[in-house]
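Peer 1: what would the 3D arrangement of this be:
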Amino acid sequence: MVESMGALDLKMREHMQLEIRRIQQTLGLTAVYVTHDQTEAMTMSDRVAVMNGGRLEQIGTPESVYNQPRNRFVASFIGKVNYLQGRVASVDAGQARIETSVCNCRCPANGARAGDQVTIAIRPEHIRLHALMDGGEPGNPFNHVRATVLSSVYAGNLRQYRVRLFNQSDLLIETRAGDHIWPQGETVQLAWQ
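Peer 2: Residues are numbered from 1 along each chain as shown. Coordinates of the predicted model:
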């Protein structure tokens with residue numbers, strides 16, 4: 001399959017994506033655009049359908065597909081993602097308390113019940129890096145973990161970090177390019193909502 005804009009350079013491709021969307025909206029047309037480029041799908045769409053092997057996995061707005069993926073395939077297909085495996089310890093008021101090998105987490109229950117084995121998906125841009133607290137652990141006992149910075153890559157508008165948790169698993173983190181730069185080898189505190 002040939003992507004319709006695959007031969008264009010990045011700037012022209014981005015311009016054409018916006019121009020096609022503008023024309024479609026101006027004329028009030030319904031259009032179906034098939035692409036393997038996730039950014040293109042998110043940029044050009046009111047609704048996105050994610051397919052896997054001819055099977056519809058999820059359909060929704062770009063925001064809902066990105067922020068509430070129905071399963072691991074959709075989460076991985078639309079953007080970058082980190083995973084933590086855990087067990088639901090309890091559910092209260094729609095919030096699950098999940099025990100993982102690296103930390104205790106709180107997140108929306110999404111139908112999970114106490115005792116369920118679950119996978120937590122955390123987008124790299126949702127993780128914040130902080131200096132270690134002088135007194136030890138942060139006041140909030142959830143969604144915090146220590147890590148060591150393995151690498152830092154400047155990518156224009158963002159900086160990508162690869163960090164290693166104490167259980168030897170790695171996470172990808174993306175921060176704004178102007179944020180504090182954490183050097184390789186630094187031990188940091190990670191936090192997320």
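Peer 1: got the buried residues for stretch 121-129?
Peer 2: 121-124, 126-127, 129 (16 or more other Cβ atoms under 10 Å). The way it works is simple: take the backbone N, C-alpha and C, and place the C-beta from them, glycine included.
Peer 1: and Pro42, helix, strand or coil?
Peer 2: Actually, residue 42 is Met. It isn't Pro. helix (DSSP: H, G, I helix; E, B strand; the rest coil).
Peer 1: isn't it right next to Pro62, touching?
Peer 2: Yes. In terms of Cβ atoms under 8 Å, Met42 counts as a neighbour of Pro62; the distance is 4.3 Å.
Peer 1: so what sits against both of these two?
Peer 2: Val48 (Cβ atoms under 8 Å, 6 or more residues apart in numbering).
Peer 1: tell me who's in contact with the residue lying closest to Tyr33 once chain neighbours are set aside.
Peer 2: Ranked by Cβ to Cβ, 6 or more residues apart in numbering and with sequence neighbours excluded, the top spatial neighbour of Tyr33 is Met44, at 5.7 Å. Applying Cβ under 8 Å, 6+ apart, we find Met44 in contact with 17, 20-21, 33, 35.
Peer 1: could you work out the most separated pair of the residues you listed?
Peer 2: In those, two members sit farther apart than any others by Cβ to Cβ. They are Arg21 and Thr35, at 12.8 Å.
Peer 1: hmm, back to that, let's see which of the buried residues of stretch 121-129 end up in strands.
Peer 2: Under the assignment DSSP state E, the buried residues of stretch 121-129 contribute 121-122, 129 to strands.
Peer 1: what about the residue lying closest to Cys103 once chain neighbours are set aside, which SS state?
Peer 2: The shortest distance from Cys103 to any residue other than its chain neighbours is 4.3 Å, reached at Val145 (Cβ to Cβ, 6+ apart). Of the three states, Val145 takes strand according to three-state DSSP.
Peer 1: now do the SS call for His15.
Peer 2: Recorded secondary structure, His15: helix (three-state DSSP).
Peer 1: buried residues, stretch 155-165. List them.
Peer 2: Across stretch 155-165, burial judged by 16+ other Cβ under 10 Å covers 158-159, 161-163, 165.
Peer 1: same thing with stretch 45-57?
Peer 2: 45, 48, 50, 57.
Peer 1: between the contacts of Met44, which is closest to Gly115?
Peer 2: Using Cβ to Cβ, Thr35 comes nearest to Gly115 of the contacts of Met44, at 40.4 Å.
Peer 1: quick check, the closest one in a helix?
Peer 2: No. Counting by three-state DSSP, Thr35 falls outside a helix, being coil.
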